[in-house]
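Asks: Just need the structure, nothing else, for what follows:
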Amino acid sequence: MRILRSPKVVTGLALLFVFLLLALFGPMLAPHSVDWQANRSSGIPLPPSGKFWLGTDQSQHDLFSRLLAGGRDPLLISFLAGVLASMLSVLVGVTAGFVGGLTDDLLSALTNIFLALPGLLILMVVMKPLPPDETANPFLIGSVIALTAWAWGARVLRAQTLALRGQDYVESARVIGERRWRIILFEILPNLLPILASSFIFTVIYGIGTYTALSWLGVINPASVTWGTVLNEAQASGAASSGYWWWYLPPALAVALFGMSLALINFGIDEIINPRLTSARTGRARGVTFRLGHTPVLRQASAPAIESALTKGAAQ
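Replies: Residues are numbered from 1 along each chain as shown. Predicted coordinates for the structure are as follows:
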């Protein structure tokens, strides 16, 4: 497959595979439960050691166990948000671009409204009044995040659908009497798959970033152990100012590496969709080689020489 020839895609997939394994088997691989405490009488976080690989927090919880167990909900919610947002993007974007007219105007206006809304602020307003048990429901959180993330993909899909609906093969399908849903399903959507994949990956990155931010801000139920709630506890206890780097750095790096794995896959897909990105880099590299050699220069001829050449030409 062409996509597997990209070093960025291969590196991103390898990192993503590691995170998926941690999400599936992390709680089982954790040496302790997330509620286990090393010493309840001590309120001082312990640094990393042979016994506690990532140290402990102020309540003496094993942070390595919490890191392994805290990735399941973020990954589940981010992928759920990506799937739901992609479905909404296809429904709105492709319908607007293919049908056109008043339908296009209304759906485009709806898309622009959602693009203008501050997603994180809307999520905080929606999630804050909910009871703690509801804010720990992954399907509810993923659905709410998807409602604030679908508009970007819908706008891109609409623009591409507008370009595709005038193609000859689409017109031929119309002429022979194919129904709209068949044209969209068999003629339009297959050509939108790379863009849809890129939109899905972007939404997953947005989803895990948003969920971590909500957890860090205390909107998500603090009883649920995730990377964001660990960061929230570290901030509330002043871990950064006290020098307890092992408390907040590992979950922050986990979120960053997960986002980087998806970003690498996205960059690889972009280069496949738009080969000019690769050719531009190749051209810049070749340009350095060309500048090292000698470049022939055409000198401008003087006026007498031009007159002499014209006279000879006229005489012949």
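
Asks: Return the distance of the closest residue to S86 other than its chain neighbours relative to W150.
Replies: Nearest residue to S86 in three dimensions, chain neighbours excluded: F200, at 4.7 Å (CB to CB, 6 or more residues apart in numbering). Placement of C-beta: from N, CA and C, glycine included. Note on F200: its distance to W150, by CB to CB, to the nearest Å, is 11 Å.

Asks: who's more crowded, the two?
Replies: Per other CB atoms under 10 Å, whichever of F200 and W150 has more neighbours is W150, with 25 against 21.

Asks: so that one makes contact with G82?
Replies: No - W150 is beyond contact range of G82, at 10.1 Å (criterion: CB atoms under 8 Å).

Asks: shared neighbours of F200 and W150, anything?
Replies: When CB atoms under 8 Å, 6 or more residues apart in numbering defines a contact, the residues bordering F200 and W150 alike are A85, S86.

Asks: How about the residue nearest the centre of the chain: what's its closest non-neighbour residue?
Replies: The centroid of the chain falls nearest to F202 when counting by CA atoms, centre = their mean (2.6 Å). Leaving aside its sequence neighbours, F202 sits nearest to N266 (CB to CB, 6+ apart; 6.5 Å).

Asks: For the helix or strand hosting that neighbour, list every residue counted as buried.
Replies: Element membership for N266 (DSSP states H and E) is helix 245-273. Within helix 245-273, the residues that count as buried by 16 or more other CB atoms under 10 Å are 246-248, 250-252, 254-255, 258-262, 264-269, 271-272.

Asks: Then stretch 185-197?
Replies: Within stretch 185-197, the residues that count as buried by 16+ other CB under 10 Å are E187, I188, L189, L192, I195, L196, A197.

Asks: Output the below-cut-off pLDDT ranges for the protein.
Replies: Where the chain drops to pLDDT under 70, the residues are 1, 40-42, 275-316.

Asks: Now with 50, please.
Replies: Counting by pLDDT under 50, the chain shows low-confidence ranges at 288-298.

Asks: what's the burial count for the closest residue to L75 other than its chain neighbours?
Replies: Counting by CB to CB, 6+ apart, A23 is the residue found nearest to L75 once chain neighbours are left out, at 4.4 Å. By other CB under 10 Å, 20 other residues sit near A23.
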